[in-house]
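Participant: Sequence below, structure please.
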Amino acid sequence: LAEAVRLRAPFHIEFRILRPGQGVRWIECRSMPELLSDGVFLGHGIMLDVTERKREQHQADLMKAALGHVREAFYLMDAEGYFVQVNAEACRATGYSPEELQAMSVFQLNPDFTAEDWVAHWHLLTSQGSRLLEARHRTKGGRPYEVEVSANYFEYDGQGYNLALVRDISERKRIEQTLRFIAI
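Facilitator: Below is the predicted model:
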């Protein structure tokens, strides 16, 4: 603040106050300081209660941190099958960066999945709310691997989304195949 006054530059600060009966509130202050000739500080500005914005940002940050710790690959897809959001496990499993995945669709990750398959999947998902299915994904390097997909439908801000949690089940499939071979 002293530096802003000295430079006669606008400043922006956020701080917390304790309001009786309301608890902690966040205040944002934007001001243009003015130092009068007699050495008196005069500030022109506004103060806003930004508590709700701070709470919403905290919730968003918390959700992002939580999704970063989910052991399954997390894919949030729009109604056309394009990835809107992914987590670190999705990147680790596929070898793609978050930016690469968010420029892709489910059809590029699962080459066996056609546009017709997506329409049928979307129809079932929107009517049932969730689905559990098995599929085959392909890494950036081209290696296929078996996955179990827990697909969940929800709407936000008037648009439908598919939130999919994906687990690599390649090892389980190899063991099942070995057991079937041994049983023959």
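Participant: So what's the residue count around Gln128?
Facilitator: Here the count is done by other C-beta atoms under 10 Å, and Gln128 has 11 residues near it. (Each C-beta comes from the backbone N, C-alpha and C, glycine too.)
Participant: Check whether the closest residue to it other than its chain neighbours sits in a helix, strand or coil.
Facilitator: Excluding the flanking residues, the one nearest Gln128 by C-beta to C-beta, 6 or more residues apart in numbering is Tyr153, at 7.8 Å. What DSSP: H, G, I helix; E, B strand; the rest coil gives for Tyr153 is strand.
Participant: and what of Arg131?
Facilitator: Under the three-state scheme (three-state DSSP), the conformation of Arg131 reads as strand.
Participant: Next one: Phe83 from Ala115, what distance?
Facilitator: Computed as C-beta to C-beta, to the nearest Å, the Phe83 to Ala115 distance reads 16 Å.
Participant: Which one's more surrounded, the two?
Facilitator: Phe83 (23 against 10).
Participant: ok, and the more buried one, which helix or strand is that part of?
Facilitator: Assigned by DSSP states H and E, Phe83 falls within strand 83-86.
Participant: neighbouring contacts of stretch 50-68?
Facilitator: Contacts to stretch 50-68, defined as C-beta atoms under 8 Å, 6 or more residues apart in numbering, come from residues 14, 24-28, 74, 85, 87-88.
Participant: in that stretch, what counts as buried?
Facilitator: By 16 or more other C-beta atoms under 10 Å, the buried positions in stretch 50-68 come out as 50-51, 54, 67.
Participant: chain center to it: distance?
Facilitator: Its chain's C-alpha centre lies 11 Å from the corresponding centre of stretch 50-68 when counted by C-alpha atoms, centre = their mean, to the nearest Å.
Participant: Stretch 137-146 too?
Facilitator: Relative to the mean C-alpha coordinate of its chain, stretch 137-146 is positioned 23 Å out (C-alpha atoms, centre = their mean).
Participant: Please point out which parts of it sit buried.
Facilitator: By neighbour count on 16+ other C-beta under 10 Å, the buried set for stretch 137-146 is 137-138, 145-146.
Participant: do the same with stretch 171-184
Facilitator: Lys173.
Participant: need the helices for this protein, in chain order.
Facilitator: Here the chain has its helices, by DSSP state H, at 2-7, 51-68, 88-94, 98-101, 106-109, 115-128, 170-183.
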